[in-house]
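Asks: Sequence and predicted structure are below.
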Amino acid sequence: MNKESYVDQMKQWTEDLLKQQETFIDLCDQREHDKLAAWKERVEKFRDSLNDIEDIEGEQLKKMAEDLYLEGEQVYTGISFTQPFNELDLGEVQFAERQMAVPIGQHKLPPLPYPYNALEPHIDQKTMRLHHDKHHRSYVEGLNKAEKALQQARLVNDYQLIKHWERELAFHGAGHYLHTIFWEIMCPEGGGKPSGELLQEINDAFGSFAQFQKQFSEAAKAVEGSGWAILVWAPRAHRLEILQAEKHQNLSQWDVIPLLVLDVWEHAYYLKHQNNRAGYVEAWWNVVCWKQVTKRFNEAKKLKWKPY
Ligand SMILES: [Fe+2]
């Protein structure tokens, strides 16, 4: 990426930050309000300075963005801000390309990668329009709403509705992520079968392509109520698997990678804590091995799809 397009992305980043600040400002008390206003001023100044970058080195630019980001985190502990690009190649004009994170509550409906009628006669235009424009959009809106509600819960430290919002987060998040994959894995010139390494993996895991296709179809037909059939890669088993998802989720989102997990089945704590799950959860934090969580995070963060 050249310096100009990097600067354009930086401008977009500051615009996103300023938008986020507008949301927070309504939720703050006076003392925080002043701190936020001071920070906002600095972000605006940084944005304006991007219009005149002749004399600014890439490294300097990166440092300024990171300082602003860190300052924002300090002012608002517990709020996730859009991060600046932090893996720049600081050569003369080469800048590493980095996709921006989706800010909280700002997922977008991805455009269909082909016209609505492109999959005719197999999938009709009317269905595609309704499915993409109405149904997928409502998942995006529901996800944004849930994320904002959880952000507010963190701000005011009120978790009375945690169960409701986590459920909404999973339902709409899984809906949004799965549909985003769904549009991408179809195309007008589709059909047939894969080749190369993927075909090899399919053969290894399911015996043959025909057997894979049969199991996948049977799984899809047998999903109880509404749901999905999903071919997944299991990083632990190093092979492919076919799963069903009822509705979209069961309180999970698809297209995410678990980093930190806590088993709250009774068998995990009953002998020591009996029915006191809260006591177990509190105690558990003392044994979390962040070194391992970090290791998983460092591997997982390498996988980044285009954000929506
Ligand atoms: Fe759907």
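Replies: Looks like it came in fine.

Asks: separation between Ser195 and Leu143?
Replies: For Ser195, the distance to Leu143 equals 36 Å [Cβ to Cβ, to the nearest Å]. All C-beta atoms are positioned from the backbone trio N, CA, C, and that covers glycine.

Asks: With Leu240 instead?
Replies: To Leu143, Leu240 is 28 Å away according to Cβ to Cβ.

Asks: More neighbours: which of those two?
Replies: Using other Cβ atoms under 10 Å as the criterion, Leu240 and Leu143 rank with Leu143 on top: 24 against 16.

Asks: so who does that one touch?
Replies: Neighbouring residues of Leu143 by Cβ atoms under 8 Å, 6 or more residues apart in numbering: His107, Glu168, Leu169, His172, Gly173, Gly175, His176.

Asks: Is it possible to get TSV of those residues that adds distance to Glu201 and pLDDT?
Replies: Listed next are the contacts of Leu143 as TSV, based on distance: Cβ to Cβ, whole Å; pLDDT from 0 to 100:
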residue	distance to Glu201	pLDDT
His107	31	93
Glu168	35	94
Leu169	32	94
His172	31	94
Gly173	28	92
Gly175	28	90
His176	27	92
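
Asks: Wasn't Glu241 part of a helix?
Replies: No: according to DSSP: H, G, I helix; E, B strand; the rest coil, Glu241 belongs to no helix; its state is strand.

Asks: Touching, it and Pro235? I think so.
Replies: No: using Cβ atoms under 8 Å, Glu241 makes no contact with Pro235, being 11.2 Å away.

Asks: Tell me, how many residues neighbour Glu166?
Replies: Residues lying near Glu166 (other Cβ under 10 Å) number 14.

Asks: Contacts made by stretch 119-131 with the rest, please.
Replies: Residues outside stretch 119-131 that contact it (Cβ under 8 Å, 6+ apart): Leu112, Tyr116, Asn117, His179, Met186, Pro188.

Asks: Buried ones from the residues you listed, can you make that a PyMOL selection?
Replies: Only the buried entries of these go into this PyMOL selection, using 16 or more other Cβ atoms under 10 Å:
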select buried, resi 112+116+179+186
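
Asks: Among the contacts of stretch 119-131, which one lies nearest to Leu271?
Replies: Closest to Leu271 out of these is His179 (43.5 Å), distances taken as Cβ to Cβ.

Asks: Relative to Leu240, how far out is the closest one?
Replies: 22 Å.

Asks: Tell me which stretches of this protein form helices.
Replies: Along the chain, counting by DSSP state H, helices occupy 3-25, 30-49, 58-75, 125-129, 137-156, 162-184, 196-206, 209-221, 270-273, 277-284, 290-300.

Asks: orientation of the second one relative to helix 3-25 in degrees?
Replies: Looking back up the chat, that one is helix 30-49. Interaxial angle, helix 30-49 versus helix 3-25 (axes from the mean of the first three to the mean of the last three Cα atoms, to 10 degrees): 160 degrees.

Asks: how big is the angle separating helix 30-49 from helix 137-156?
Replies: Taking the same axes, to 10 degrees, one finds helix 30-49 and helix 137-156 inclined to each other by 130 degrees.

Asks: In this structure Ala245 contacts Ala174, no?
Replies: Yes: assessed by Cβ under 8 Å, Ala245 is found in contact with Ala174 at 7.4 Å.

Asks: Of the two, which one has the most company?
Replies: It is Ala174, of Ala245 and Ala174, that has more neighbours when counted by other Cβ under 10 Å, with 24 against 17.

Asks: any low-confidence regions in the stretch 51-200 of the chain?
Replies: Within the stretch 51-200 of the chain, the stretches with pLDDT under 70 are 53-59, 73-100.

Asks: got any residues that touch both of Ala245 and Ala174?
Replies: Residues touching both Ala245 and Ala174 (Cβ under 8 Å, 6+ apart): Trp254.

Asks: Tell me which of the helices of the chain sits nearest to Ala101.
Replies: It is, among the helices of the chain and with distance given as Cβ to Cβ, helix 3-25, at 9.3 Å.

Asks: what separates the closest one from the chain centre, distance-wise?
Replies: Helix 3-25 sits 19 Å away from the centroid of its parent chain (Cα atoms, centre = their mean, to the nearest Å).

Asks: Stretch 225-242 now?
Replies: On Cα atoms, centre = their mean, the centre of stretch 225-242 falls 19 Å from the chain's centre.
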